[in-house]
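Asks: Based on what follows, work out the 3D shape:
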Amino acid sequence: MFSEMLQVSGPPFRIDDYLALSIIFVAIFGVAIHFIREVVLGRRGQRWDMKFEQSERYDKIQIIIHWLFLIFLFALLITGVIIYKLDYFISVFPTIGEINLRTLVGYHWYFSIALLDLVIFHVIYDSIIVRKYSNFWITRVDIKNMQIIARNFFGISKKYPPIKKLHPMQKIFHFGIIITVSLLGFTGLTIWEPFLIFIRNIGLGPFENWLYIENSRYLHDLFSFILISLMIGHFYFSVLIPTNWKVFRGMTSGKLDLNSTESNKQGKKEKV
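Replies: Numbering: from 1, shown residues only. Take a look at the predicted model:
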């Protein structure tokens, strides 16, 4: 019964709409609870003490990489959702019917390759050229800070740890994105026909059905909606949380204004 609900027992072996909507609902519900707790009740604005090591946060290359990554992900999302619910979109927008499925899959594939190239460049640039990749590793300090943040969120403690550069949840988010995109790439690859030909040529033909239909398409859909949920959380924390506006501006200008009016107000609250 459970497999029938998830549409795994028969064609088209895709994730069920209710499960997809449930994943998105959990993300929206989570950010709504956080918004009420931290913004409406005002606890974050009163107690959050974020200190930065330097005003220079990102260089121009890193800023371009960030926004290109967002553009490619959005393009993959649009093409992927259309492929996922093609019949529905054709009924609502008949002009989409002029674009055949193979063309849509082709666009989806091209953006996937572009994203992969960008990720490879991003890793090389941050780890070898500017040597800042270590900033994203989760340390013991981050784990300790997460415990303090959790106690603050649930009202157990009024303390909030000073954050020198990256919030521990920001690091966890980046690892979540890396893992989810990697799994999306792998499951998408196993659906690709040339990969199946490669599987046959190396003697793994018996696994063809398992890779192509019974798991990969379902998992690809599942990870897609998990990624959508992660991006909902990213948008929320970047744009809708007043405390993070200065950090958001840093992703557009590359620098943080450590002497802004917002910082001065926070400093006055701390002295009081």
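Asks: in the host helix or strand of Trp109, what counts as buried?
Replies: For Trp109, the element it lies in under DSSP states H and E is helix 101-124. For helix 101-124, the neighbour count (16 or more other C-beta atoms under 10 Å) marks Leu104, Val105, Tyr107, His108, Phe111, Ser112, Leu115, Leu118, Val119, His122 as buried. (Each C-beta comes from the backbone N, C-alpha and C, glycine too.)
Asks: out of everything not next to it in sequence, what's closest to the fourth one?
Replies: Ranked by C-beta to C-beta, 6 or more residues apart in numbering and with sequence neighbours excluded, the top spatial neighbour of His108 is Thr79, at 4.2 Å.
Asks: what's the answer for the first one, then?
Replies: With C-beta to C-beta, 6+ apart as the measure, Ile83 is the residue that lies nearest to Leu104, at 5.3 Å, once sequence neighbours are left out.
Asks: Could you name the specific helix or strand carrying the one you found?
Replies: Going by DSSP H and E, Ile83 is in helix 60-84.
Asks: hang on, the earlier thing: of all the buried residues of helix 101-124, which two lie farthest apart?
Replies: Leu104 and His122 (26.7 Å; C-beta to C-beta).
Asks: ok so Tyr58 is a helix residue?
Replies: No. Counting by DSSP: H, G, I helix; E, B strand; the rest coil, Tyr58 is located in no helix; its state is coil.
Asks: Would you map the strands across the stretch 151-272 of the chain?
Replies: Taking DSSP state E, counting those that start in this stretch as the criterion, the stretch 151-272 of the chain contains no strands.
Asks: which regions of it lie under the pLDDT threshold?
Replies: For the stretch 151-272 of the chain, the stretches with pLDDT under 70 are 164, 210-214, 246, 250, 252-272.
Asks: One more pass at 50, please.
Replies: Residue ranges of the stretch 151-272 of the chain with pLDDT under 50: 261-272.
Asks: what's the answer for the stretch 1-150 of the chain, then?
Replies: If you take pLDDT under 50 as the line, the stretch 1-150 of the chain has these spans: 1-12, 45, 47-49, 53-54.
Asks: what about 80?
Replies: Low-confidence segments of the stretch 1-150 of the chain (pLDDT under 80): 1-15, 38-59, 97, 126-137.
Asks: got a list of contacts for the helix holding Ile83?
Replies: If you take C-beta atoms under 8 Å, 6 or more residues apart in numbering as the criterion, helix 60-84 is touched by 14, 58, 89, 96, 101, 104-105, 107-108, 111-112, 114-115, 118-119, 121-122, 125-126, 130, 221, 224, 227-228, 231, 251-252, 254.
Asks: Burial check on Ile28, number of neighbours?
Replies: 13 (other C-beta atoms under 10 Å).
Asks: Assign it to one of the three secondary structure states.
Replies: Ile28 is classified as helix under three-state DSSP.
Asks: Contacts only, for it.
Replies: Ile232.
Asks: From Leu21, how far out is it?
Replies: Distance, Ile28 to Leu21, by C-beta to C-beta, to the nearest Å: 10 Å.
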